[in-house]
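[1] Quick one, fold the following:
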Amino acid sequence: MQWSMVENDKSLGLVNMPNFSYKKNMVWTLEANACNLLRSPHVNMDHTYNLIFGNPVDTRDQRPLTYTGRFIFPSAVDPWKGPWGQTTLFKMRRTNEIAQQASKDMVQVEDLSRDAVPQSTDIGANCVSGSAKYEQIGTTGWGALLDSTLLEAAFESSKHAIIVIDHRVRTAEFLLALIRKKLGYRVPLFWVGFVEDMVEMEWVKYHVLKTVSQWVGDGECKLPGFTPKPKDVPSDLLESGPPLPTLNVLVTGGASGKQLQIPHMIVQKYATAHQFSEQFNTFMTEFHAEFGQVAADDETLGTGKRSSTTLPGPSPKKQKLDKSIIVEACKVQGVKVAEVCLPNIKGAGADFKLQVRAPNKPYLVNMTSAAIQIPDGSYICGFGTGKFKLYREDIVPA
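    Numbers count the residues shown, from 1 in each chain. This is a model prediction of the structure:
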């Protein structure tokens, strides 16, 4: 790292110091060893900074909420007079408080080769722990460092180019944070990273490409000349459905004149609608149970008086009916949803019909003055064209 510091007098190094050790009372030893490795008469390591996190995401998490780091400057340059001297991180020596990365959001390097053993065979593959957990500060952590240094650096000319050297790529958090910040930085920016082996390099390329593609698809990162596809299908490509029913305006009626009712036109329109029929009929059942019938139909069924017209025909087999199911035509309630004539009933004319009234109640309505007799078990009507066959009670069709 020393050669990259002394190569240019405007260089800056950020080093996050160790925060974890597998042995007790060894963290300070690891920090001292790191400083000894970086110590050189050509670099200045006197200035420190702190990366501050907010509340821990888990009370059992032992990660510190303050990560200590060190600035590395060329020893021949006064840090206060260089391009980094007026940045927030150098003046305040700390970042703004950011959210700590949860363990479930952490990743680890995997072997993507075809002959690699599946990750499910490793007991600890799905659990990031130890030093691998402590070193992952997330893209938000690296983003906070970049916001207070790289984006605030004062260069004399916009023609300068910045070369970012990542000495430990590992999970590529710094690279992903740099990609996000680069979109708002106008100075040419280049990144060079060092990996441990080819397995890590292949995984980093796959992980970065997958993450950035997801950002672009979600609209988090914008690329010139590229428009992400909308998450929902545009309305102009969809077939427009029927208009929503206007149920916020009710009418009153009934014996008291203050009973809530639904206009019959709404019932006729939406009781058989393809899109709203099921929900509307459920609403109608609940409405009837609480308030009673809907508004009266414009087309009344008459006063119950019959004319003197008598329909000819053979005398069908008579069967007594329960009087409780016989209602006078003028007292039939519910909005008429469907109505069909019954031409296959002998002796029935155009005034003998099958009506379906809300909510889903069938009625045989006789508007004539003569009685209509229907043999027991007769076929009344059906839906559409087709073949229908009447089976005996002891025969079950296949």
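[2] CA only for contacts and neighbour counts going forward, please
    Noted.
[3] Can you give me the distance of E220 to K181?
    E220 sits 12 Å away from K181, going by Cα to Cα, to the nearest Å.
[4] out of the two, which sits in the more crowded spot?
    K181 (15 against 12; other Cα atoms under 10 Å).
[5] what about that one, which helix or strand?
    helix 173-182 (DSSP states H and E).
[6] so what secondary structure elements neighbour that helix?
    Contacts defined by 3 or more Cα pairs under 8 Å, 6 or more residues apart in numbering; DSSP states H and E place helix 173-182 against helix 138-147.
[7] Does the helix it packs on pack against any helices or strands, and if so which?
    helix 173-182.
[8] Dump whichever helix or strand comes after the helix it packs on to CSV, restricted to CA.
    For helix 173-182, the succeeding helix or strand toward the C-terminus, using DSSP H and E, is strand 189-193. Output of strand 189-193 as CSV, limited to C-alpha atoms (Å, rounded to 0.1, in the frame of the first residue of the first chain):
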residue,chain,number,x,y,z
LEU,A,189,-13.0,7.4,-11.8
PHE,A,190,-11.2,4.1,-12.1
TRP,A,191,-11.2,1.1,-9.7
VAL,A,192,-8.5,-1.5,-9.3
GLY,A,193,-9.1,-4.4,-6.9
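[9] now what about strand 189-193, what contacts it?
    By Cα atoms under 8 Å, 6 or more residues apart in numbering, the residues outside strand 189-193 that reach it are A161, I162, I163, V164, I165, D166, H167, R168, V169, L175, K182.
[10] Parallel or antiparallel, which strands does that strand pair with?
    If you go by DSSP bridges, strand 189-193 pairs up with strand 162-166 (parallel).
[11] Just the buried positions in the strand it pairs with, please.
    V164, D166 (16 or more other Cα atoms under 10 Å).
[12] Could you tell me the angle between that strand and helix 173-182?
    Orientation check (axes from the mean of the first three to the mean of the last three Cα atoms, to 10 degrees): strand 162-166 against helix 173-182 gives 160 degrees.
[13] Just the mean pLDDT for strand 162-166, thanks.
    Mean pLDDT, computed over strand 162-166, is 89.
[14] Okay, strands next: where are they in this structure?
    13-16, 43-44, 48-52, 66-74, 162-166, 189-193, 251-253, 259-261, 336-341, 352-357, 361-366 (DSSP state E).
[15] could you say what helices and strands the shortest one packs with?
    Meaning strand 43-44. Here strand 43-44 touches helix 2-6, strand 66-74, going by 3+ Cα pairs under 8 Å, 6+ apart.
[16] chain center to the longest one, what's the gap?
    Going by Cα atoms, centre = their mean, to the nearest Å, the spacing between the C-alpha centre of strand 66-74 and its chain's C-alpha centre is 41 Å.
[17] How about the shortest one?
    For helix 2-6, the gap between its own C-alpha mean and the chain's C-alpha mean amounts to 48 Å (Cα atoms, centre = their mean).
[18] what does stretch 327-342 give?
    For stretch 327-342, the distance to the chain centre is 46 Å (Cα atoms, centre = their mean).
[19] quick revisit: in terms of mean pLDDT, which of the strands of the chain ranks lowest?
    strand 251-253 (a mean of 65).
[20] remind me which residues of the stretch 251-398 of the chain are low pLDDT?
    For the stretch 251-398 of the chain, the stretches with pLDDT under 70 are 251-258, 292-324, 347, 376-379, 382-398.
[21] returning to that earlier point: what does the helix holding K181 contact?
    Defining contact as Cα under 8 Å, 6+ apart, one finds that helix 173-182 is touched by 136-140, 142-143, 146-147, 151, 166, 169, 189, 191, 208, 212, 221.
[22] Right, I'll call it a day here.
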